[in-house]
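>>> Give me coordinates for this.
(2 chains)
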Amino acid sequence: MFIRFMRWPEIVALPLRTLLIPALLLLVGCGSEDKKTDPPIDTATGTCVDCHTDQASLIASAAPDTTEVPENPGEG
Amino acid sequence: MEAWEKVLVSESFVGSEPHGKSCVSCHLGDDEAAVKAEAHAGMIADPSAWDSPACRECHADEVENHAASLHATQNGYHTMFDLRGAGPAGQVDAMFEARCASCHTTCGQCHISRPNAIGGGVVNGHQVLRRPSQQDNCTACHGSRVGNEFRGENKLGDTPIPADAHYLKLMNCGHCHDGAELHGDGTTPDSRYHAPGAANCLDCHPEVESDSNLWHSFHARATSAEQLSCQVCHAQSYKNCYGCHVQTDRQGLRHPSRIDFRIGRNPAPDTAHPWDWVVLRHIPIAEDTFGPWGIAMSSYAALPTWRMATPHNIRKRTSQAYPGSGACSSACHDREELFLTEAYIDLLIQQGVMSTSEREANQGVIATLR
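Down below sits the predicted model:
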């Protein structure tokens, strides 16, 4: 059994190595696939269309219409 | 229109040429953001409003002309304010901006969405309509008189007043009031009757000038002894308002509108409107209509308060114009109830619908039956 006490540079380097590899993985797109709070974006169509052509989604998210519309508008 | 309907875009519009290719090219915002607030940051709801290049890029002439048009400037109101001495000027401007200016339209409020004055919202899934929708655009603003007349939604007592013959022929507003008239020519007319290219019956019915119809030869031509406007014979009873929006009753109106029909002398004859006799309608305000807003009209009765009208309920045969012997007298000439007379004005004053100052103002337009 070999027990080796770490020298001080290794004490500093070890946590850095611990963080560095995951960071590199993230940069190349190998990070977490959990996107529950960040829905994927269809870059081919853009989010304007995704929302504004989805009737069910608009109904679900629409705020109450508080527009004041005169009962009988019109100068003529 | 429900809130979601106002922003629902049809899939057929998306990507269509030439207007549906890119949302952000007109509306700005961020079409790569996944969160609504970020996507709408910097977005312009109505890119056809004044300073936007959205429409100007391809429709430069129309955009340029429209800026001076009546739909953009609402100059007809300002003409009236000036003529009737509305003031003080600053108060009039502030009132108009706060209460009336929302009715002016942008390109989009005729061709894409409903006018803001009635709550906005895209029409037909954001399709760009060459001819605005009669229901959602034209009569959305021009509804209480024109729209109801045109569609036959008025009643005289309990009797429905038939719709306009043009409506029944499936014509809509745009058939008579084309883009050239509505966009204008870059000048700002004083009123709708002075707009360049304003609709004229003779545009489609030139035969009136020369056909064998005796009534046309007697009454409808420049050579006639006394020339009548087309509406004198061919319009039906129409809505008259006397003092709306002041001292509200249960319906929110001072005096509910009245269905009536009054022939009188043309208050403002000119080259385009040369007739001796026209159909008249009382102006829709009383002298104190704008009093609650601190506005007085010092010259309210300086000119007639009955003005030329062009009711949009035209029929070939009406109660005052139908064939048959003796029809001239029985249908029209002997029917005092068709005319704006001194006696009728006295009655309206007595009922509190008109003020005494208006009696003198309207002397030049009342009819004196022989």
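
>>> can you map out the strands along chain B?
Along chain B, the segments classed as strands by DSSP state E run B:86-87, B:155-156, B:159-160, B:238-240, B:258-260, B:262-265, B:277-282, B:296-297, B:306-308.

>>> Out of the ones you listed, which is the most enclosed?
Burial of these is given as mean neighbour count (mean count of other C-beta atoms under 10 Å in any protein chain shown); strand B:277-282 ranks first at a mean of 25. C-beta coordinates here come from the backbone N, C-alpha and C atoms, glycine included.

>>> Other residues contacting that one?
Strand B:277-282 is contacted from outside by B:226-229, B:231-232, B:235, B:238, B:240-242, B:261-267, B:305-311, B:340, B:354, B:365, B:367, using C-beta atoms under 8 Å, 6 or more residues apart in numbering or on different chains.

>>> per-residue confidence for the residue nearest the centre of chain B?
Chain B has residue B:142 as the residue nearest its centroid, 5.5 Å off, counting by C-alpha atoms, centre = their mean. What the model reports as pLDDT for residue B:142 is 88.

>>> The one 3 residues further on now?
Here the pLDDT value assigned to residue B:145 is 88.

>>> Correct me if wrong: it contacts residue B:240.
No. Residue B:145 lies out of contact with residue B:240 (C-beta atoms under 8 Å); the separation is 9.1 Å.

>>> show me what contacts residue A:58?
Applying C-beta under 8 Å, 6+ apart, the residues contacting residue A:58 are A:51-52, B:4, B:7-8.

>>> hmm, 10 Å instead?
Residues near residue A:58 by C-beta atoms under 10 Å, 6 or more residues apart in numbering or on different chains: A:51-52, B:2-9.

>>> check contacts around residue B:324.
B:330-331.

>>> what's the answer for the one 4 residues further on, then?
The neighbours of residue B:328, taking C-beta under 10 Å, 6+ apart as the test, are B:214-215, B:218-219, B:320-321, B:334.

>>> Mind putting those into a markdown table with distance to residue B:167, pLDDT and neighbour count?
Rendered in a markdown table, the data for the contacts of residue B:328 read as follows (distance: C-beta to C-beta, whole Å; pLDDT from 0 to 100; neighbours: other C-beta atoms under 10 Å in any protein chain shown):
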| residue | distance to residue B:167 | pLDDT | neighbour count |
| --- | --- | --- | --- |
| B:214 | 28 | 88 | 10 |
| B:215 | 23 | 89 | 16 |
| B:218 | 28 | 91 | 14 |
| B:219 | 25 | 93 | 23 |
| B:320 | 20 | 90 | 20 |
| B:321 | 19 | 86 | 19 |
| B:334 | 31 | 89 | 11 |
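
>>> Looking at those residues, spot the one nearest residue B:87.
The shortest approach to residue B:87 among the contacts of residue B:328 belongs to residue B:320, at 40.7 Å (C-beta to C-beta).

>>> And the residue lying closest to residue B:222 once chain neighbours are set aside, how far from residue B:223?
Spatially, and ignoring its direct neighbours in sequence, residue B:222 is nearest to residue B:274 (6.7 Å; C-beta to C-beta, 6 or more residues apart in numbering or on different chains). Remark: distance between residue B:274 and residue B:223 (C-beta to C-beta, to the nearest Å) = 12 Å.

>>> what's the answer for residue B:35, then?
72 Å.

>>> Which one's more surrounded, the two?
residue B:35 (12 against 8; other C-beta atoms under 10 Å in any protein chain shown).

>>> looking at it, that one is touching residue B:29, isn't it?
No. Contact criterion C-beta atoms under 10 Å: residue B:35 and residue B:29 do not qualify, at 11.8 Å.

>>> what sits in contact with each of those two?
A:47, B:41.
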